[in-house]
Every structure is written in C-alpha cells, then in structure tokens.
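Engineer: all I have is the shape, not the residue letters:
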DNA sequence: TTGCCTACTGCACGCCTGTGCAGTAGGCTT
DNA sequence: AAGCCTACTGCACAGGCGTGCAGTAGGCAA
C-alpha cells in the first residue's frame, strides 16, 4: 500500500508528533527526512492524505492529523521492543513468585534493562539499600534465579520475610545479606534462618516528584 | 490552583485538540473563548504554562502541548502502552536539546514513569547526586521545561556545562544548584554564572550488574 | 486611595508556513 | 525511444501566526 519512503515519512511524522505533543511543519519534516524542499515534503503529504493515512487542514500550519493505521507506522524507525514485566504484590515464602494471582499489573521496560522471560518487578519497602541507590518506593526488576554470586543484589526470603540485599559470601564460607545503609545490620544466614534466593536485581526504576 | 476562566480555557484547548487532532492557534482559541485579542489568549497560555498544565514551543505555531494530554484513542488492552523517549548524547549550551542530530537512540519507558511529549533521557555522569539515589551511569528521564520549583531535581547548564542538581530558591531569593553528596559544593547562581534550566527529572532508570 | 491581581483590547512587526509554479533525474514498462 | 511513476530541488509569494508594547477596567485588600 505505502512505498518504503512513504512509510518512513509517516513514521517520522508520528515520532515527531509523539515526542513534542504537536505535529511538525513541512520544513521540520523535511529536515528530519533529509528533504530540502518543502515541496518534496508536500509531495509525500499529498500522497499520505490520498491514501487515507493522514488528514490535513487547508493552509493551516502543523495541521496534520494522524489517522491510526492498522499497525504502528513506526516500523521503519528502529524503536526497541519493550518487555512486559509483571509487577508482583508480595514475595512470600513457599509460594512461587510468578504465579498468576500474584501479578497485579505489568510494566513496560526497555529491553536494555530487562530480558523477556523469567523476570518480575516489585516495589521496594524500606531504606536498607539507600546507599546503593535503591530507595523506598523504587521498583526493582528481578531476574528469577535460585542462586547468586557474591556481591550481587538479590531478592531473598529470610525468616519468612522478603528482602532486597547484597548477597555476600565471606572468606570463611559464611553467608550474609548485607544492607547498603549504616543504620541497618547485616543478616547472617544460619541453619535457623535459612536463605531462599528468589532472584537477582537487574534494574531499578524510580518515579521522581 | 486554576481560576475558573483558566479551567475554561484549558478545557477549550483540550477539546479543540481532540476534535481536530492538532492544537489550535492563539486566534482559534480566542474565537472559541470569545477573546478578540491574541494577547488576551497569550495571557492565559502564559498562566497555564507557569502552572505546569501546558508547555509551549517558543515562536512556533500551534506549539501547545497538553501535559495531562488529551486522552489518546488508544485501544487499551491489558498491557500499558510504552512511551518512546529519545536518549540524547549531550546537553550543550545554546543548543536545543531535542534536535535530531542529538538523538542517539530511543528507550522505551512505562507510561507511569513518563508522559509522551517533550521528554528526553540522558545518562548521568558523576556522583554528585548519589544521596538522592542517582548514580553514575544511571539514565534520567527529563521533561523539557525552562523553569522549575524549589526542591525539584533539574537538568541545567551553568558555566557552559550540563549538570543534574536540586534546584533551590533560598529565603533571600538567591538560587543554588544543590548536589546530594557531601563531597560536592552547591553551585551558586550569579550574573557571571547564569542558570539555564533544560528540564526536570521525572524518573531514574538503572541497569544493575 | 493606592496598589495589586485578573482579565482582557488594539495594533504593528516580522518571521513562519503552506502554496503555486517550474523543473530534474532515475527506474520501469511498453 | 517514449511515457509514466517515484522522488525530489528551487524560488517567490501571501497570509498565518506569535510577539512586543501600550493601555483599560473591575474587584479586593491594606
């Protein structure tokens, strides 16, 4: 239906509109597409309008209305494919983390921060990892795994309670969960307080303000 | 927060934008609101921008972006629609942040963390905001704006250099950019070192490990 | 009554922006 | 070789459109 170049131009218009909140002018499209003449751009707008992908206001500036096509027209600009990560309510002992009843909603995460698959997100409670830049209310993206290497930040269950801490194996072989805040004490793992690693923190997301 | 008339004007702009797919001009708003002078309209736009309900492009026609944008007719499925945010390379003085050559790539962000529109992301250099949970290498999502309220974390240019700091207006009216790390000194704003605010940090993203 | 805030009018200026018209060049088909 | 489609360049032009500056009028608080 659309030629490659037409798709490209339509994608550009969509991107510019989304980024700025209002549609671009002919010259702005031209600059983005590498077309120096406003009429080169107009040629494409006429075409896109004839093909029903946009509507235009006569003589008005920026009067480009996008008519949503069946698919996202942005296929030509390489937008990364986001990953849907389930946001879970609680990490409880015994229960599998990724069970359906446990999933409240999904958040979309850039693929550079999370891989699809056995990944979940949860909201951090408490200030115990403050000095690692993980604050109360932050969301952490966690890759589900049962083991970890020393120094990695993990989600684990000790004493029936879920917690986010740095996993550390000491020289003498003893294991501790280390907070990143001098106000908190490390948790020593013993036979009375066994460790259940649920996953490893791979990203932190925070809404500011 | 808004006066009755301000609400009315904002509602008008929202309605016009939704009806036509692109924002109105000053004169179109005036006609709809019964204001004969473009400056009557401009008065309200200045107010709405100062109150953070819209953002405007300098000197550009129809460059009105609604902050709590018009409800886009998105087929709301169970997954949230991610927002594409351009990741920019450098924030230089005098240069518009959101120019095409400046955009390296896009990252996808959950809509709860960023609204579509004039938003960009950049990578943080330095440890000066460590205690605010913003570490070296983190990506911050920034809403482009030229002013800020005291206490907000901003991206600004002082002495030709881009920086992320807390914007603070003191009792005596003097302005400082405050780091969140005792190893760094606050930057005092003076006539020799003027302040150029580029935007406000609205989210922090970090890849761990 | 002085001042400040809200809510405008009126007008000139000048860049921004879409339009009209003329033309070019490569690729493909006939 | 002619013709048509895609994909543009270049330039002049008129009016759209935001901006600057000057001014007005009512309400309300000190």
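Structural biologist: Perfect, I can see it now. Given the structure is predicted, the values throughout are model-derived calculations rather than measurements.

Engineer: from here on, contacts and neighbour counts on C-alpha atoms
Structural biologist: Noted.

Engineer: how near is the residue of chain A found nearest chain B to DNA strand D?
Structural biologist: As assessed by Cα to the nearest Cα, chain B sits closest to residue A:133 within chain A, at 3.9 Å. From residue A:133 over to DNA strand D the distance is 40 Å, taken as Cα to the nearest atom of the strand, to the nearest Å.

Engineer: so that residue versus residue A:140, what's the distance?
Structural biologist: Applying Cα to Cα, to the nearest Å, the value for residue A:133 to residue A:140 is 11 Å.

Engineer: equivalent analysis for residue A:30, please.
Structural biologist: Distance from residue A:30 to residue A:140, by Cα to Cα: 41 Å.

Engineer: so between the two, which is more surrounded?
Structural biologist: Neighbours were counted for residue A:30 and for residue A:140 using other Cα atoms under 10 Å in any protein chain shown; residue A:140 has more, 27 against 20.

Engineer: give me the secondary structure label for that one.
Structural biologist: Under DSSP: H, G, I helix; E, B strand; the rest coil, residue A:140 falls in the strand class.

Engineer: show me the beta-bridge partners of it.
Structural biologist: residue A:122, residue A:204 (DSSP bridges).

Engineer: where does residue A:30 sit: helix, strand or coil?
Structural biologist: Look at residue A:30: counting by three-state DSSP, its state is helix.

Engineer: quick one: contacts for it?
Structural biologist: Residues counted as contacts of residue A:30 (Cα atoms under 8 Å, 6 or more residues apart in numbering or on different chains) are A:36-38, A:40-41.

Engineer: so which of the residues you listed are also by DNA strand D?
Structural biologist: A:36-38, A:40-41 (Cα under 7 Å from any atom of the strand).

Engineer: hey, where'd the helices end up in chain A?
Structural biologist: Assigned by DSSP state H, the helices in chain A fall at A:4-20, A:26-33, A:38-50.

Engineer: what is the longest one packed up against?
Structural biologist: It stands for helix A:4-20. For helix A:4-20, the packing partners by 3 or more Cα pairs under 8 Å, 6 or more residues apart in numbering or on different chains; DSSP states H and E come out as helix A:26-33, helix A:38-50.

Engineer: close to chain B, is the last one?
Structural biologist: Read that as helix A:38-50. No: remark: helix A:38-50 sits outside contact range of chain B, by Cα under 8 Å from any Cα of the partner chain, the gap being at least 14.3 Å.

Engineer: in that helix, what's buried?
Structural biologist: Going by neighbour count (16 or more other Cα atoms under 10 Å in any protein chain shown), the buried part of helix A:38-50 is A:41, A:44-45, A:48-49.

Engineer: turn those residues into a markdown table, including pLDDT and distance to residue B:179.
Structural biologist: Output for the buried residues of helix A:38-50, formatted as a markdown table (pLDDT from 0 to 100; distance: Cα to Cα, whole Å):
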| residue | pLDDT | distance to residue B:179 |
| --- | --- | --- |
| A:41 | 90 | 46 |
| A:44 | 89 | 49 |
| A:45 | 88 | 48 |
| A:48 | 86 | 50 |
| A:49 | 83 | 51 |
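
Engineer: so which of those is the closest to residue A:7?
Structural biologist: Closest approach between these and residue A:7, by Cα to Cα: residue A:48, at 9.0 Å.

Engineer: how far away is that closest one from residue A:29?
Structural biologist: Counting by Cα to Cα, the gap from residue A:48 to residue A:29 is 14 Å.

Engineer: and chain A, which residues reach DNA strand D?
Structural biologist: Within chain A, the positions adjacent to DNA strand D are A:3-6, A:34-41, A:43, A:59-61 by Cα under 7 Å from any atom of the strand.

Engineer: list the beta-bridge partners for the most centrally placed residue in chain A.
Structural biologist: In chain A, the C-alpha nearest the mean C-alpha coordinate belongs to residue A:109, at 1.5 Å (Cα atoms, centre = their mean). According to DSSP bridges, the residues that bridge with residue A:109 are residue A:83, residue B:109.

Engineer: how about the contacts made by it?
Structural biologist: A:82-85, B:82, B:108-110 are the contacts of residue A:109 under Cα under 8 Å, 6+ apart.

Engineer: got the domain ranges for chain A?
Structural biologist: What automatic domain parsing lists as the domains of chain A is A:4-70, A:83-205.

Engineer: and of those domains, who's closest to DNA strand C?
Structural biologist: Each of the domains of chain A has some distance to DNA strand C by Cα to the nearest atom of the strand; the shortest is domain A:4-70, at 3.6 Å.

Engineer: the closest one near DNA strand C anywhere?
Structural biologist: Yes: for domain A:4-70, a contact with DNA strand C is found by Cα under 7 Å from any atom of the strand, at A:24-27, A:38-39, A:42, A:58-63.

Engineer: out of everything not next to it in sequence, what's closest to residue A:40?
Structural biologist: Counting by Cα to Cα, 6 or more residues apart in numbering or on different chains, residue A:30 is the residue found nearest to residue A:40 once chain neighbours are left out, at 7.6 Å.

Engineer: roughly how far apart are residue A:7 and residue B:85?
Structural biologist: Residue A:7 is 21 Å from residue B:85, where distance means Cα to Cα.

Engineer: so how far is stretch A:115-125 from its chain's centroid?
Structural biologist: Stretch A:115-125 sits 10 Å away from the centroid of its parent chain (Cα atoms, centre = their mean, to the nearest Å).

Engineer: tell me which residues of it are tucked away?
Structural biologist: By neighbour count on 16+ other Cα under 10 Å, the buried set for stretch A:115-125 is A:115, A:119-125.

Engineer: now the strands: where do they sit in chain A?
Structural biologist: A:54-56, A:64-66, A:83-88, A:103-109, A:119-123, A:139-144, A:153-158, A:161-169, A:175-178, A:187-188, A:196-207 (DSSP state E).

Engineer: I'd say residue A:20 and residue B:118 touch.
Structural biologist: Yes: between residue A:20 and residue B:118 there is a contact under Cα atoms under 8 Å: 4.7 Å.

Engineer: tell me the predicted confidence for the residue of chain A found nearest DNA strand D.
Structural biologist: Going by Cα to the nearest atom of the strand, DNA strand D is nearest to residue A:40 of chain A, at 3.4 Å. Looking at residue A:40, its pLDDT stands at 89.

Engineer: what does residue A:103 give?
Structural biologist: 64.

Engineer: ok, the one 3 residues further on next?
Structural biologist: We note a pLDDT of 84 for residue A:106 in this prediction.

Engineer: the closest residue to it other than its chain neighbours: how many residues sit nearby?
Structural biologist: In space, and not counting its chain neighbours, residue A:106 is closest to residue A:86: 4.4 Å by Cα to Cα, 6+ apart. Residues lying near residue A:86 (other Cα under 10 Å) number 22.

Engineer: cool, thanks, signing off.
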